[in-house]
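Engineer: only geometry, no sequence info:
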């Protein structure tokens, strides 16, 4: 394995540009915690005519350097995930990849898989596209800095945020609208406190304290802003698979168990909170219950107990939707540096993509060395998508019939997946399925 690591280049090579869209002019920037050890995603937002917006979401393309069957591949499979501890990380991938060549640091060219979403003035999606690309991050931003910049503080060490301020304000406005739309369709908003583990300075093996994180409201908002963009990109990938009637590994979250909801109803009524288990069996109904909980003296413990009554999100080859997000088609993948990549991260559209990106053909985490011609991400010719969507299991998603028409276009006919066991085996240790998700989203598997 050491010989393979020594052969990893230090910069993107000219040959790497082959069959990739050149998006280096797009003003990508990374927005992460101050203590982030790697930078695996970047975002950009551009204004379109007539009040529309173009959202770009880029994820580091680790698969270009990590080929299936190599010693690096076997080592990554053996490790399964990266382990993030309070004072250090045990990486799944060598530092030459996770910390350098595949880290979207500013000022250098990097390879990425990119989702482009065009919105009109009314927030309707007018076009979605996917491509392998070369990008060039224009800035390394962090949540406290973004929060301060949005509050108007770009002095001193935050002076470099000033050129990004117009874009950040536009991002903020778009993220608020996206969040409002998600909540209107019934997406759950369970904001549980985060935990901070403090280690002893002299002996890191000793834990000094475990306390609740004190996150500034502005920082929380910056955190949620990026979360909205990642959710939008993941849903765009899911819609693409569903519209083309393709098999993939879905991120699913089933309807809550009625017995657990009934048990919670007994407890909630003792606190004077009306709770109907049948109503809570739909995203909109459960969202209404959470709204009644807001401001109650027992809001936090009751919210936690309600979360425990929900089922845990999983990967499945049968799409039954995502209850917690009120999403009929949702695909997500592990962080490229935290878990072995799945094709959800890269195989988004077979039209104009390399053959390895077609899930019906390969569905492999890393491509072979040769590629057929690909096209530009900026409006390449598109093959019309199939009008039929993958039917869902009627027994699993009764709530979807009550969802708004914009998020419920599939029929309720049951179906059986065609022997897709090989897909499940490819979804190896997903590590932290969420990078930035608020507390409840981590358990619900939103990302």
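Structural biologist: Thanks, I have the structure now. In this text, all values refer to a predicted model and were calculated from it rather than measured experimentally.
Engineer: switch to C-alpha atoms for all contacts and neighbour counts from now on
Structural biologist: OK.
Engineer: how far away is the spatially closest residue to residue 92 that is not a sequence neighbour from residue 91?
Structural biologist: Closest residue to residue 92 apart from its sequence neighbours, by Cα to Cα, 6 or more residues apart in numbering: residue 82 at 4.5 Å. Distance, residue 82 to residue 91, using Cα to Cα, to the nearest Å: 4 Å.
Engineer: Look at those two and report which has more neighbours.
Structural biologist: Comparing residue 82 with residue 91 by other Cα atoms under 10 Å, the one with more neighbours is residue 82, at 22 against 19.
Engineer: So that one sits against residue 95, correct?
Structural biologist: No - in this structure, residue 82 is not within contact of residue 95 by Cα atoms under 8 Å, at 11.7 Å.
Engineer: what residues are up against residue 119?
Structural biologist: Taking Cα atoms under 8 Å, 6 or more residues apart in numbering, we find residue 119 in contact with 52, 53, 54, 55, 125, 126, 127.
Engineer: For the nearest residue to it once chain neighbours are set aside, list the residues it contacts.
Structural biologist: Distance criterion Cα to Cα, 6+ apart; nearest residue to residue 119, sequence neighbours excluded, is residue 125 at 4.6 Å. Residues near residue 125 by Cα under 8 Å, 6+ apart: 117, 118, 119.
Engineer: For residue 241, what is the enclosing helix or strand?
Structural biologist: Here residue 241, judged by DSSP states H and E, is contained in helix 217-243.
Engineer: That helix packs against which elements?
Structural biologist: Contacts defined by 3 or more Cα pairs under 8 Å, 6 or more residues apart in numbering; DSSP states H and E place helix 217-243 against strand 53-60, strand 109-119, helix 143-150, helix 165-184.
Engineer: low-scoring stretches of the stretch 1-150 of the chain, by residue?
Structural biologist: Applying pLDDT under 70 to the stretch 1-150 of the chain picks out no residues at all.
Engineer: picking that back up, by contact count, what packs against whichever helix or strand comes after the helix holding residue 241?
Structural biologist: Next along the chain after helix 217-243, taking DSSP H and E as the criterion, comes strand 250-252. Helices and strands in packing contact with strand 250-252 are listed as strand 314-316; criterion 3+ Cα pairs under 8 Å, 6+ apart.
Engineer: Mind listing what's buried along the strand it packs on?
Structural biologist: Within strand 314-316, the residues scored as buried using 16 or more other Cα atoms under 10 Å are 315, 316.
Engineer: and stretch 134-143, which residues are buried?
Structural biologist: Quick answer for stretch 134-143 (16+ other Cα under 10 Å): 134, 135, 136, 137, 138, 139, 140, 141, 142, 143.
Engineer: chain center to that stretch, what's the gap?
Structural biologist: In terms of Cα atoms, centre = their mean, to the nearest Å, the centre of stretch 134-143 is found 18 Å from the chain centre.
Engineer: Could you do stretch 220-228 as well?
Structural biologist: That offset, for stretch 220-228, works out to 12 Å (Cα atoms, centre = their mean).
Engineer: Same check on stretch 245-254?
Structural biologist: Relative to its chain's centre, stretch 245-254 lies at 14 Å (Cα atoms, centre = their mean).
Engineer: The residue lying closest to residue 160 once chain neighbours are set aside and residue 224: what is the separation?
Structural biologist: Among residues not flanking residue 160 along the chain, residue 154 sits closest, at 7.5 Å (Cα to Cα, 6+ apart). Distance of residue 154 to residue 224, computed by Cα to Cα: 21 Å.
Engineer: Just give me the closest of the contacts of residue 119 to residue 207.
Structural biologist: The nearest member of those to residue 207, counting by Cα to Cα, is residue 55 at 42.1 Å.
Engineer: Looking at strand pairing, list the partners for the closest one.
Structural biologist: Legend: beta-bridge partners of residue 55 under DSSP bridges are residue 45, residue 117.
Engineer: for the one 5 residues further on, same thing?
Structural biologist: With DSSP bridges applied, residue 60 shows beta-bridge pairing to residue 112.
Engineer: can you pull the contacts of it?
Structural biologist: Counted by Cα under 8 Å, 6+ apart, residue 60 has contacts 40, 41, 102, 103, 104, 110, 111, 112, 113, 336.
Engineer: ok, which pair from the residues you listed is furthest apart?
Structural biologist: Largest pairwise distance in the contacts of residue 60, by Cα to Cα, is 13.9 Å, between 110 and 336.
Engineer: Next one: residue 301 from residue 290, what distance?
Structural biologist: 12 Å.
Engineer: Test my guess that residue 62 contacts residue 102.
Structural biologist: Yes - the pair residue 62 / residue 102 is scored as a contact, 6.1 Å apart, by Cα under 8 Å.
Engineer: These two: which has the busier surroundings?
Structural biologist: residue 102 (28 against 25).
Engineer: Dihedrals phi and psi, the more buried one?
Structural biologist: With angles defined as degrees, to the nearest 10, residue 102 sits at phi -100, psi 10.
Engineer: what's the spacing between it and residue 162?
Structural biologist: 27 Å.
Engineer: Next: residue 84.
Structural biologist: 32 Å.
Engineer: now swap in residue 121 and tell me
Structural biologist: 26 Å.
Engineer: Would you mind telling me which of the two has the busier surroundings?
Structural biologist: Neighbour tally, residue 121 and residue 162, criterion other Cα under 10 Å: the higher count belongs to residue 162, 16 against 12.
Engineer: Having no further points to raise, I will conclude here.
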